[in-house]
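K.L.:
Got a predicted structure plus its sequence, pasted below:
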Amino acid sequence: MYYRKDLFQKYDIAEPKTWDELKSAAATLKKNEIAPFTIGSKFLWTTAGWFDYLNLRTNGLDFHIKLMEGKIAYTDPRVKKTFENWKELVEPGYYLENHAAYSWQEAQPFLYNGEAAMYLIGNFITPSFPEELDGKMGFFQFPSIDASVPMAEDAPMDTIHIPSKATNKVDARKFLEFVARAENQELINKKILQIPTNNKAAVKDNEFLQTGVKMLNAAAGTAQFYDRDTDPAMAKAGMKGFQEFMVHPERLDKILEQLEKVRQRVFK
């Protein structure tokens, strides 16, 4: 979760470690006419990040992966509990107004101009931070909801593959070996401000990357991301349902029933 440290300091808000602290921070910001969370849900994947973290914190990684694999019903009370927790942010109006009209890029300026205070987004956003906000941007781990649930993380990884019908697989494998070397992972990821997949590669001296590495090293496990972990047809329906829920939380039961119909069809 990226956030405006200066806004937190202005309103005497500490980095939230628990769900109650996150809701309290959001209430304080809302009271002061600042959107607690910016988000652009025009392209649906941003909603999936919220679902992933809420489900990971509510039900844990094993449950989450089983849901992604189609082994758990979307009408299961434990899935509904995830959405009930989400409601505690949706119903008070803690998200950016009209977020369905914005892309994830279009949601950024609200964070930068101080109209919003937090953004749940990947590390790829950090090169876009304006120079005038140097020292004013912070990062914290998505807070715990249930203290008995280990803290797993979303950590999607970009990978390079050899097509099954490639004509020169010998040299392709040599290329993959080359890219995977620690020194090359280090060079590539310093340029694109990402965390290397080779754990022997040094991470660029960047506060956000260093914090991210520390968080991932301590994680109880990792998920990729909703649309990578589940079937594409399920992901499409799921993310559409997540956006609908964020706009119309009163439709929750109907949304879950619809998602369950999709799950039964996709994973039959």
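P.N.:
Received the coordinates, thanks. What you see is a predicted model; the values in this text were computed from it and never measured.
K.L.:
got the phi/psi numbers for residue 231?
P.N.:
The phi/psi pair for residue 231 (degrees, to the nearest 10) reads phi -60, psi 140.
K.L.:
counting contacts, what elements does the helix or strand containing residue 261 pack onto?
P.N.:
Here residue 261 sits within helix 252-266, counting by DSSP states H and E. Using 3 or more CB pairs under 8 Å, 6 or more residues apart in numbering; DSSP states H and E, the elements in contact with helix 252-266 are helix 77-90, helix 232-247. For glycine as for every other residue, the C-beta is placed from the backbone atoms N, C-alpha and C.
K.L.:
And the longest one, how far out from the chain middle?
P.N.:
The gap between the average C-alpha position of helix 232-247 and the chain average comes to 15 Å, counting by CA atoms, centre = their mean, to the nearest Å.
K.L.:
and the direction of that helix versus that of helix 77-90, what angle?
P.N.:
40 degrees (axes from the mean of the first three to the mean of the last three CA atoms, to 10 degrees).
K.L.:
And helix 232-247, what does it pack against?
P.N.:
Applying 3+ CB pairs under 8 Å, 6+ apart, we find helix 232-247 packed against helix 45-59, helix 77-90, helix 226-229, helix 252-266.
K.L.:
what does whichever helix or strand comes after the second one contact?
P.N.:
Moving toward the C-terminus from helix 77-90, the first helix or strand encountered (DSSP H and E) is helix 108-112. The set of residues external to helix 108-112 that reach it, using CB atoms under 8 Å, 6 or more residues apart in numbering, is 2, 4, 35, 38, 96, 116-119, 125, 128-130, 133.
K.L.:
Out of these, which sit inside strands?
P.N.:
Among the contacts of helix 108-112, the members falling in strands (DSSP state E) are 2, 4, 35, 116-119.
K.L.:
Most neighbours of all those, which one?
P.N.:
residue 117 (28 neighbours; other CB atoms under 10 Å).
K.L.:
so what's that residue up against?
P.N.:
Going by CB under 8 Å, 6+ apart, residue 117 touches 3-4, 7-8, 29, 34-37, 111.
K.L.:
coming back round to it: tell me which of the helices and strands packed on helix 232-247 sits nearest to residue 154.
P.N.:
helix 45-59 (5.0 Å; CB to CB).
K.L.:
who are the neighbours of that closest one, in terms of helices and strands?
P.N.:
helix 61-68, helix 77-90, strand 153-154, helix 226-229, helix 232-247.
K.L.:
got the buried residues for the helix holding residue 261?
P.N.:
252, 255-256, 258-259, 262-263, 266 (16 or more other CB atoms under 10 Å).
K.L.:
Just give me the closest of the contacts of residue 117 to residue 228.
P.N.:
residue 37 (22.9 Å).
K.L.:
Pretty sure the closest one sits against residue 94.
P.N.:
Yes: using CB atoms under 8 Å as the test, residue 37 is close enough to residue 94 to be in contact (5.7 Å).
K.L.:
More neighbours: those two, which one.
P.N.:
residue 37 (23 against 19).
K.L.:
May I have the beta-bridge partners of that one?
P.N.:
residue 95, residue 118 (DSSP bridges).
K.L.:
Appreciated, that's everything.
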